[in-house]
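Trainee: Fold the following and give me the result.
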Amino acid sequence: MEKKRLTIVETSDIHGHIFPYYYSNHSYKPIGLGLISSYLKKLRKEEESILVIDNGDLIQGTPLTLYYVKQMNYLPNPMIKALNELKYDVAVIGNHEFNYGLKVLQNAIDGSSFPWLSCNILSSLTKQPYFGKPYIVKKFDDLKIAILGATTHYIPNWEDPNHIKGLEFVDACQAIKKWVKIIQEVENPDFLIVSYHGGIERDLHTGEPTEKLTGENQAYEICQKVEGIDLLLTGHQHRKVIGNVNNITIVQPGSNGSALGKITVEFLKVDGNWKTKSIDPEIIEFHQEEVDSSLLQLIKDYEEETQKWLDQIIGHVEGDMHIHDPFQVRIKEHPFIEFVNKVQMDATNTSISCTALFTEEAKGFHQTITVRDIVSNYIFPNTLKVIEVTGEDIKLALEKSATYFSIENGELIVNPSFSKPKPQHFNYDMWEGIEYILDIQKPIGNRVVKLKYAGEPIDMKKKYHVVMNNYRAGGGGEYTMFKGKKVVKDVPVDMIEIMINYILQSPYVKATCNHNWKVIW
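Mentor: Numbering: from 1, shown residues only. Now for the predicted structure:
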């Protein structure tokens, strides 16, 4: 009886990582395409039939990708150069692919030696898949494999509208169902893969929701509602997951190139047709893998220019703006958070501002400030918007932020929903220009026990102008009270650039803190 083995490799949420180190301090970290390249080269020597898929969120996420877009975009995209070199077969559009705008994304697609897929991102004019191909078929001798791509349709809730102009994001589950049927009728493949840049919204064993069912993540729903899928590749949540729902194998391979999904499929030919004998999924983590120096050499010029930029000294701190414990920063105002809010207020001439501490790796500023310090703390390519909100909207937003905390055995802790299944510390905001106290002993929804503006209680019906990043202004992070609000001012400049320019103009930054808010329990 004839047999065949196919090895499928999935990467997802690489987020601009090629080199195996932290950009903040250059210390080694087992991440990036340099490690993936070494593994793939060994695998290609061992296996005859290999299919390599990237599941999205590739071209954004590191200083390398930011510097490329800002200063070196006359050259090929470094992430695309890397994937071309690694001989990827296909990639899927992720939500962060839009962060730098459609022109940057289209240039990346045009420079790729492989197709990009998404069946549910449509042209608002033609109602057809905007990026061309919803699926491809790959043949390994007479074995026929179909790969259908899809993207979380929740993107309009986060992205700058200018970056997604002319696009329509339709329900991913419905689009997948439609296209799976078309693929079965037109192609009749031996094996059908759906590569979905979205996550898993329910516990794979119990079916209980693990998050609010907004439609951002639909992997479980897809397995329940779509017939004909053999393998569902997922991402977006930065989790490492292997599972099975409704006889569909699910894989999610983590983020930043710290791991990949390896799925070994055994086929048997029965009565002239290939049948799936077994599907063996694994998560391959990189701990001892050597870095492929030839790939790093390919991107060397981009990286060297990026590092020169990062090492530029732009200012100095008078006082202490170093972050020792991110949790403490979120309990009691810290000079770094006050600084970011002040920069936002200065850039927009606005008296109320909110921001978040985006990453647990944030260290604030040391005595000397470099560009590296800016991009290590402010890791997203956000712009600023001033929106008009009511006093009630402000209170609702503070109540939403207050859900970040729980009390366990008398101790204040992070609400587990902000850590699992995906860390979402960036969805806790801290405000400047108002005075407030959050009492975590109070029930959720009633934790704001003080709320003043200019020394007076905030009027719930009065309108106020507030500056925040574009993600939050669009309602991102389930801050639905901000969605659809009147935009008073739009500043289409990256916040990183705004911060750099602010410090260059006033290079001696004072570490001040007016303690206008606190958390009690």
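
Trainee: Quickly note the distance from Val170 to Tyr154.
Mentor: Distance of Val170 to Tyr154, computed by Cβ to Cβ, to the nearest Å: 12 Å. Using the backbone N, CA and C atoms, a C-beta is placed for each residue, glycine as well.

Trainee: Next, the distance between the ends of stretch 216-231.
Mentor: Start to finish, the residues bounding stretch 216-231 are 20 Å apart (Cα to Cα, to the nearest Å).

Trainee: That should have said stretch 480-497, apologies.
Mentor: End-to-end for stretch 480-497, by Cα to Cα: 28 Å.

Trainee: what does it rub up against?
Mentor: With Cβ atoms under 8 Å, 6 or more residues apart in numbering as the test, stretch 480-497 has contacts from 66, 70, 157, 160, 162, 343-344, 347-348, 350, 374-375, 378, 380-389, 392-393, 396-397, 400, 465, 467-469, 472-475, 498.

Trainee: next one: it to chain centre, how far?
Mentor: 19 Å (Cα atoms, centre = their mean, to the nearest Å).

Trainee: Go through it and flag the buried ones.
Mentor: 481-482, 485, 488, 490-491, 494-496 (16 or more other Cβ atoms under 10 Å).

Trainee: Break this structure into its domains for me.
Mentor: Split into domains by automatic domain parsing, the chain comes to 3-306, 313-520.

Trainee: check contacts around the closest residue to Ser258 other than its chain neighbours.
Mentor: Spatially, and ignoring its direct neighbours in sequence, Ser258 is nearest to Ile31 (4.8 Å; Cβ to Cβ, 6 or more residues apart in numbering). Shown in contact with Ile31 (Cβ under 8 Å, 6+ apart): 17, 20, 256-258, 286.

Trainee: ok, which stretches of the stretch 401-521 of the chain are strands?
Mentor: Along the stretch 401-521 of the chain, the segments classed as strands by DSSP state E, counting those that start in this stretch run 405-408, 411-414, 429-432, 435-439, 448-453, 456-457, 463-469, 487-491, 508-510, 517-520.

Trainee: Tell me which strands the third one pairs with, and in which orientation.
Mentor: Taking DSSP bridges as the criterion, strand 429-432 sits next to strand 353-356 (antiparallel) in its sheet.

Trainee: now, which of the buried residues of stretch 480-497 sits nearest Ser417?
Mentor: Met481 (18.6 Å; Cβ to Cβ).

Trainee: neighbouring contacts of the strand or helix carrying Gln344?
Mentor: Gln344 is located in helix 335-348, with elements delineated by DSSP states H and E. The contact list for helix 335-348 (Cβ under 8 Å, 6+ apart) reads 319-321, 323, 329, 350-355, 357, 362, 364-365, 377-378, 384, 386, 430-433, 467-468, 489, 491, 495, 498-499, 502, 509, 511-514.

Trainee: Stretch 84-92 too?
Mentor: With Cβ under 8 Å, 6+ apart as the criterion, stretch 84-92 contacts 33, 36-37, 40, 51-56, 58, 83, 111-118, 136, 138, 147, 149-151, 195-197, 295, 298.

Trainee: how about 7 Å then?
Mentor: Contact partners of stretch 84-92, identified using Cβ atoms under 7 Å, 6 or more residues apart in numbering, comprise 33, 37, 40, 51-56, 58, 83, 112-118, 136, 138, 147, 149, 151, 195, 197, 295, 298.

Trainee: With stretch 397-410 instead?
Mentor: Contacts of stretch 397-410 (Cβ under 7 Å, 6+ apart): 330, 412-415, 418, 428-429, 436, 438, 440-441, 444-445, 447-448, 451, 479, 481-482, 519, 521.

Trainee: mind redoing it with 8 Å?
Mentor: By Cβ under 8 Å, 6+ apart, stretch 397-410 touches 330, 354, 389, 412-418, 425, 427-431, 436, 438, 440-441, 444-448, 451, 477-479, 481-482, 519, 521.

Trainee: ok, of the residues you listed, which come out buried?
Mentor: Here, 16+ other Cβ under 10 Å leaves 330, 354, 389, 412, 414-415, 418, 425, 427-431, 436, 438, 440, 447-448, 451, 477-479, 481-482, 519, 521 buried among these.

Trainee: from the contacts of stretch 84-92, which ones fall inside helices?
Mentor: Per DSSP state H, helices hold the following members of the contacts of stretch 84-92: 33, 37, 40, 83, 295, 298.

Trainee: Distance to Ser278 for the residues you listed - can I get that in a markdown table?
Mentor: As requested, the ones in helices among the contacts of stretch 84-92 are exported to a markdown table (distance: Cβ to Cβ, whole Å):
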| residue | distance to Ser278 |
| --- | --- |
| Leu33 | 29 |
| Ser37 | 28 |
| Leu40 | 23 |
| Leu83 | 29 |
| Leu295 | 32 |
| Leu298 | 37 |
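
Trainee: Just flag the most distant two among these.
Mentor: The farthest-apart pair in the ones in helices among the contacts of stretch 84-92, when distances are taken by Cβ to Cβ, is Leu40 and Leu298, at 14.4 Å.

Trainee: The two: which is more packed in?
Mentor: Remark: of Leu40 and Leu298, Leu40 carries more neighbours, 21 against 18, as counted by other Cβ atoms under 10 Å.

Trainee: got the contact list for that one?
Mentor: With contact set as Cβ under 8 Å, 6+ apart, Leu40 has these partners: 9, 50, 52, 86-87.

Trainee: now it: how far from Val241?
Mentor: 21 Å.

Trainee: Equivalent analysis for Leu438, please.
Mentor: According to Cβ to Cβ, Leu438 stands 33 Å off from Val241.

Trainee: swap in His366?
Mentor: With Cβ to Cβ as the criterion, His366 and Val241 are 38 Å apart.

Trainee: These two - which one has more neighbours?
Mentor: Val241 (19 against 13).

Trainee: Am I right that Ile80 is in a helix?
Mentor: Yes: checked against DSSP: H, G, I helix; E, B strand; the rest coil, Ile80 lies within a helix.

Trainee: List the contacts of it.
Mentor: So Ile80 contacts 59, 108, 111-112 (Cβ under 8 Å, 6+ apart).

Trainee: Check Leu75 too.
Mentor: Counting by Cβ under 8 Å, 6+ apart, Leu75 makes contact with 68, 302.

Trainee: now it: how far from Asn107?
Mentor: According to Cβ to Cβ, Leu75 and Asn107 sit 10 Å apart.

Trainee: just Phe380 next, same as before
Mentor: 21 Å.

Trainee: Gly101 now?
Mentor: Gly101 is 10 Å from Asn107, by Cβ to Cβ.

Trainee: With His515 instead?
Mentor: 47 Å.

Trainee: So these two - more neighbours on which side?
Mentor: Remark: of His515 and Asn107, Asn107 carries more neighbours, 17 against 10, as counted by other Cβ under 10 Å.

Trainee: where does that one land in three-state SS?
Mentor: Relying on three-state DSSP, one would call Asn107 helix.

Trainee: Not counting sequence-adjacent ones, nearest residue to it?
Mentor: Using Cβ to Cβ, 6+ apart, the closest residue to Asn107 is Asn77 (6.6 Å).
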